[in-house]
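Enquirer: After the sequence you'll find the predicted model.
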Amino acid sequence: MARTTRTTSRREDSLSRDRIIEAAIELLDGGGEDGLTFRALSGHLGTGAGAIYWHIADKSDLLTAACDAVVVRTLDACAREATPKATIRAVALGLFDAMDAHAWVGSALMRAAAQLPAVRLIERLGQQVRALGVADDAQWATVSALLHYIVGVGGQNAANARHAQAHGLVRSDFLESVATTWDQLAPQDWPFVHAMAGQFAAHDDRADFLAGIDLLLAGLRPARRP
């Protein structure tokens, strides 16, 4: 009797919602959203689709849950720093790295604006913006700008990496090729682009991303107090 109980417990654990979400993340990392099907998930878990539907309503629900799991881990790993600005920088970099590791997260976040993954980010950023003393009527615009920058730039960086991988592109070779093209442009017609050719060839995407965050943070102003 005890053996039957242990076997049943193991089966229930393997089909828990958390286990299904972990398997979905593995499939998404391997093949993107197209690679996430209930048939593939059933095969990955070694179970029937009916058992999965007991925990997950549909693919949209599963994608949101997988995205939320990644966001939760990222926010948990981002310790609250000494200042609100430092905390925002830590959250931004954490999400940038998370989207780099899970290329599908950026697009999933964009489609889940009213759901938990995005709401968690809005709340964490909003708390820091309030702590900075930003005026009440400017808080939403500030959080929105930060959120769109983080998700947009981080998601695009991940998409670029996936595109390069799919087409066998080497990042350093691609950057050098673009820089060479820019350098050959007439400086009198393209003064800025021509001057940036050397910097573009050696730029670091993560450092550029953080520089953008710092520019946004530098523009924040606390509300004037009487």
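Expert: Everything's here; your move.

Enquirer: can you tell me which residues contact the closest residue to residue 206 other than its chain neighbours?
Expert: Closest residue in space to residue 206, ignoring its immediate chain neighbours: residue 96 at 6.4 Å, by Cβ to Cβ, 6 or more residues apart in numbering. All C-beta atoms are positioned from the backbone trio N, CA, C, and that covers glycine. Contact criterion Cβ atoms under 8 Å, 6 or more residues apart in numbering gives 150, 153-154, 157, 206, 209 as the residues in contact with residue 96.

Enquirer: How about residue 129?
Expert: For residue 129, the contact set (Cβ under 8 Å, 6+ apart) comprises 84, 88, 139, 142-143, 146, 220.

Enquirer: Excluding covalently adjacent residues, which one is nearest to residue 132?
Expert: The nearest residue in space to residue 132 (Cβ to Cβ, 6+ apart) is residue 84, at 4.9 Å.

Enquirer: roughly how far apart are the one you found and residue 65?
Expert: Distance, residue 84 to residue 65, using Cβ to Cβ, to the nearest Å: 30 Å.

Enquirer: Could you point out the helix or strand that follows the helix or strand containing residue 151?
Expert: When elements are defined using DSSP states H and E, residue 151 is found to belong to helix 136-166. Past helix 136-166, heading to the C-terminal end, the next element that is a helix or strand (DSSP H and E) is helix 171-183.

Enquirer: tell me which residues of the very next helix or strand once past that following helix are tucked away?
Expert: Downstream of helix 171-183, the next assigned helix or strand under DSSP H and E is helix 191-202. Of the residues in helix 191-202, those with enough neighbours to count as buried (16 or more other Cβ atoms under 10 Å) are 194, 197, 201.

Enquirer: Likewise for stretch 17-29?
Expert: Buried residues in stretch 17-29, defined by neighbour count with 16+ other Cβ under 10 Å: 20-21, 23-25, 27-29.

Enquirer: contacts for that stretch?
Expert: For stretch 17-29, the external contacting residues (Cβ under 8 Å, 6+ apart) are 13, 35-36, 40-41, 44-45, 52, 55-56, 62-63, 65-66, 69-70, 101-104.

Enquirer: Could you pick out the buried ones from these?
Expert: Under a neighbour-count criterion of 16+ other Cβ under 10 Å, the subset of those counted as buried comprises 36, 40-41, 44-45, 52, 55-56, 62-63, 65-66, 69-70, 102-104.
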